[in-house]
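Asks: predicted model follows, preceded by the sequence.
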Amino acid sequence: MNLGRRIRRHYKVGEGYWFAPKMFGWGATPVTWQGWLATLIFAGLLFGVVYATPGTYIKLVAATPIVLAFLLLLARKTEGGLHWQWGPRDR
């Protein structure tokens, strides 16, 4: 089977999931429009909080709930959950 087909099959998710686990390592990739929108909103909120907040520690305190909320969403909307991957799922 060619590599392109294996990669496309790896990043295909079931209904209700927005992210697919990365092929190698820990993490997930947005594969639906909802996943991309959630990622853009997360990045925008984080960027806005970091640049609108004055002190370093206040930035950390303000950014922490945003990061934790996104990680929780990522864990719930990733097919198969978040865990370390050692290659394609079909092995």
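Replies: That came through, no problem.
Asks: from the chain's centre, how far out does stretch 39-47 sit?
Replies: 12 Å (C-alpha atoms, centre = their mean, to the nearest Å).
Asks: who's in contact with it?
Replies: 30, 63, 66-67, 70 (C-beta atoms under 8 Å, 6 or more residues apart in numbering). Backbone N, C-alpha and C define where each C-beta goes, glycine included.
Asks: for the protein, what are the low-confidence residue spans?
Replies: Scanning the chain for pLDDT under 70 picks out the ranges 1, 3, 88-91.
Asks: could you redo the last one with a cut-off of 90?
Replies: Residue ranges of the chain with pLDDT under 90: 1-16, 20-27, 56, 79-91.
Asks: would you map the strands across it?
Replies: 19-21, 24-25, 28-30, 85-86 (DSSP state E).
Asks: please identify the most buried of those strands.
Replies: Each of those was scored by mean neighbour count; the highest is strand 19-21, a mean of 23, by mean count of other C-beta atoms under 10 Å.
Asks: got a list of contacts for it?
Replies: Counting by C-beta under 8 Å, 6+ apart, 10-13, 27-31, 35, 74, 77-83, 85, 89 sit against strand 19-21.
Asks: emit the ChimeraX select command for whichever of the residues you listed are buried.
Replies: With 16 or more other C-beta atoms under 10 Å as the burial test, the buried ones among the contacts of strand 19-21 are selected in ChimeraX as follows:
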select :10,11,13,28,29,30,31,35,74,77,78,79,82,85
